[in-house]
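Student: Here is a sequence with its predicted model. Questions after.
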Amino acid sequence: MSKVETQPAPARVAHAGLVLGLACAAQAVISLDMAIVAVALPSIQTDLGVGPGAVQWVMVAYGLLLGGFLLFGGRLVDQLGRRRIFVAGLTAFTVASLLAGTAQHAAVLIGARAVQGFGAALIAPAALSLLAVTFAEGQERNRAFGFFGAVGGVAASVGVVASGLLTAGPGWRWAFLINLPVGIAMIILALVFLPADRPGRRTARLDVAGATTVTGGLLLFVYALHHGSGHGWLSLSTLALFAASVALLIIFARIEARSPAPLVPPSTWRNRSLVITNLTAFLATCGFLAFIFTGSLLMQQVLGYSPLLAGLAWLATTATILPVAMIGGRLAGLVGVRTLLLVGLALFAAAALWLTRIPADGNFAIDLLPAFLAAGIGFGLCEPALQISALSGVSEEDTGLASGLIETMREVGGAAGVAVVATVLVAGGGLAGFHLAFAVIGGLIILAVITAVVGFTRRVR
């Protein structure tokens, strides 16, 4: 991929602060809605009169569609325009939030959550692509990505706190209805202030066959992860789902090799930095979401914390991520992405391994706080480094694809991490299961360290 311009065009820097604000707000809403229903699930189950097998799909449907359609959404950004896809995604997400907040039946709620996930799959790559073409590559873009990464990391954890507050206050429906004023405001601001998409930027055609097979393959893969954690990894149904997913992805690869307008151009796989970044992002997010999931259960099921108190305990991590990510965006230009990643991942691995020794009567200040702070610092350094590296040297025409790739790896990685530790917790049982789960998380992060050490042969600034 060709190098993006070193200086942005004047039209792109107009309202740069507003573009950053819109992109960060969109990322916050997407991340927040992944976790905001977590504490509300028992209330939803009671109000709608459904069983636990159905209510879990309120969470799964969102992540399933988000992870499955991100790559397709990223290419649509390049094909049809950043502002157009950004607004389309916001519109779908906002309308679906209204349907979810007023749903009287579980099927309607689950369907609305699926549409929310699809809208988010359009918003995420469009937001990241907007930042990439608004801010010049280098220190200016690094600072923007630092803030963007910090907001996403904080929002994911704040969602747990917000879920408890809303459920205990106005009710679980406001976890969705709160998106309405925010979504409408962002749509208006985007239409007024974002530069119009240039005419004629659409290529010859969209690779429909490639988009269909890769989306189907990713959807089946994410679904298989959730299915396997509940029905067994070696069950016939789980193995069949994984086999179908692999088959579709192989067909996708063959289609791309022959397509005159491939969804993922072959040059993408020759960009070493992009490939290694996506693999590292997969492993890092796999560990981070698994860390939050396991830590939340540990506090409530072993240490006796209430849902609200467990959510507040995560402030030690979320309050650390924001300032550290801002500093990390600046440090990337000084020490390089590779160094920043290694330091961040090492701290994160130490946080997970620290919790492998927590006793059943663990003290917050001694046993939890050091790990939560180290995780916040580690993830705060990793987030901007990964986003900077993912878009380093990518041409303006391919920023949507690169953004879609990195977000896909993050979402699929998160689903994989949660599914793996859920299985470990069930197999291990009790406190020993939690110790084993944190050991597995530490192993995943160490694997990410090895990937970064071996893969990044030069410093990406």
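Tutor: Yes, it's here. Just so we're clear, the structure is a prediction, and the values are computed from it rather than from any experiment.
Student: Just the buried residues of stretch 265-282, please?
Tutor: Residues of stretch 265-282 classed as buried: 265, 268, 271, 273-274, 276-282 (neighbour count, 16 or more other CB atoms under 10 Å). The way it works is simple: take the backbone N, C-alpha and C, and place the C-beta from them, glycine included.
Student: Next, format the residues you listed as JSON lines and append secondary structure and pLDDT.
Tutor: Output for the buried residues of stretch 265-282, formatted as JSON lines (DSSP: H, G, I helix; E, B strand; the rest coil; pLDDT from 0 to 100):
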{"residue": "P265", "secondary structure": "coil", "pLDDT": "76"}
{"residue": "T268", "secondary structure": "helix", "pLDDT": "73"}
{"residue": "N271", "secondary structure": "coil", "pLDDT": "74"}
{"residue": "S273", "secondary structure": "helix", "pLDDT": "77"}
{"residue": "L274", "secondary structure": "helix", "pLDDT": "80"}
{"residue": "I276", "secondary structure": "helix", "pLDDT": "88"}
{"residue": "T277", "secondary structure": "helix", "pLDDT": "88"}
{"residue": "N278", "secondary structure": "helix", "pLDDT": "89"}
{"residue": "L279", "secondary structure": "helix", "pLDDT": "91"}
{"residue": "T280", "secondary structure": "helix", "pLDDT": "92"}
{"residue": "A281", "secondary structure": "helix", "pLDDT": "90"}
{"residue": "F282", "secondary structure": "helix", "pLDDT": "91"}
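Student: Taking those, tell me the two that lie furthest apart.
Tutor: Maximum pairwise distance among these (CB to CB): 21.6 Å, between P265 and T280.
Student: Quick check: which ranges of the stretch 301-450 of the chain have low pLDDT?
Tutor: Residue ranges of the stretch 301-450 of the chain with pLDDT under 70: 307.
Student: Kindly recompute the last result at 90.
Tutor: 301-302, 304-340, 379-380, 382-430 (pLDDT under 90).
Student: and G149, what is it in contact with?
Tutor: Contacts for G149 (CB atoms under 8 Å, 6 or more residues apart in numbering) come out as 325, 328-329, 380, 383-384, 386-387.
Student: how does it look with 7 Å?
Tutor: 325, 383-384, 387 (CB atoms under 7 Å, 6 or more residues apart in numbering).
Student: Q139 versus that one, what's the distance?
Tutor: Separation of G149 from Q139 (CB to CB, to the nearest Å) stands at 15 Å.
Student: Ok, I388 next?
Tutor: Counting by CB to CB - I388 and Q139 are separated by 10 Å.
Student: More neighbours: which of the two?
Tutor: I388 (27 against 15; other CB atoms under 10 Å).
Student: tell me which element that one falls in.
Tutor: Assigned by DSSP states H and E, I388 belongs to helix 369-390.
Student: With only the CA atoms kept, save that helix in PDB.
Tutor: Output of helix 369-390 as PDB, limited to C-alpha atoms (Å, rounded to 0.1, in the frame of the first residue of the first chain):
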ATOM      1  CA  LEU A 369      -5.800  -2.800  42.900                       C
ATOM      2  CA  PRO A 370      -2.200  -3.500  41.700                       C
ATOM      3  CA  ALA A 371      -3.500  -5.800  39.000                       C
ATOM      4  CA  PHE A 372      -6.300  -3.300  37.900                       C
ATOM      5  CA  LEU A 373      -3.800  -0.400  37.700                       C
ATOM      6  CA  ALA A 374      -1.200  -2.400  35.800                       C
ATOM      7  CA  ALA A 375      -4.000  -3.600  33.300                       C
ATOM      8  CA  GLY A 376      -5.100   0.000  32.800                       C
ATOM      9  CA  ILE A 377      -1.600   1.200  32.200                       C
ATOM     10  CA  GLY A 378      -0.800  -1.700  29.900                       C
ATOM     11  CA  PHE A 379      -4.000  -1.500  27.800                       C
ATOM     12  CA  GLY A 380      -3.600   2.300  27.700                       C
ATOM     13  CA  LEU A 381      -0.200   1.900  26.000                       C
ATOM     14  CA  CYS A 382      -1.400  -0.800  23.700                       C
ATOM     15  CA  GLU A 383      -4.500   0.800  22.300                       C
ATOM     16  CA  PRO A 384      -3.000   3.800  20.500                       C
ATOM     17  CA  ALA A 385       0.100   1.800  19.400                       C
ATOM     18  CA  LEU A 386      -2.100  -0.800  17.600                       C
ATOM     19  CA  GLN A 387      -4.300   1.800  15.900                       C
ATOM     20  CA  ILE A 388      -1.200   3.800  14.800                       C
ATOM     21  CA  SER A 389       0.500   0.700  13.400                       C
ATOM     22  CA  ALA A 390      -2.700  -0.500  11.700                       C
END
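Student: On the C-terminal side of that helix, identify the next helix or strand.
Tutor: In the C-terminal direction, the helix or strand that comes right after helix 369-390 (DSSP H and E) is helix 399-428.
Student: got the buried residues for that following helix?
Tutor: Across helix 399-428, burial judged by 16+ other CB under 10 Å covers 399-425, 428.
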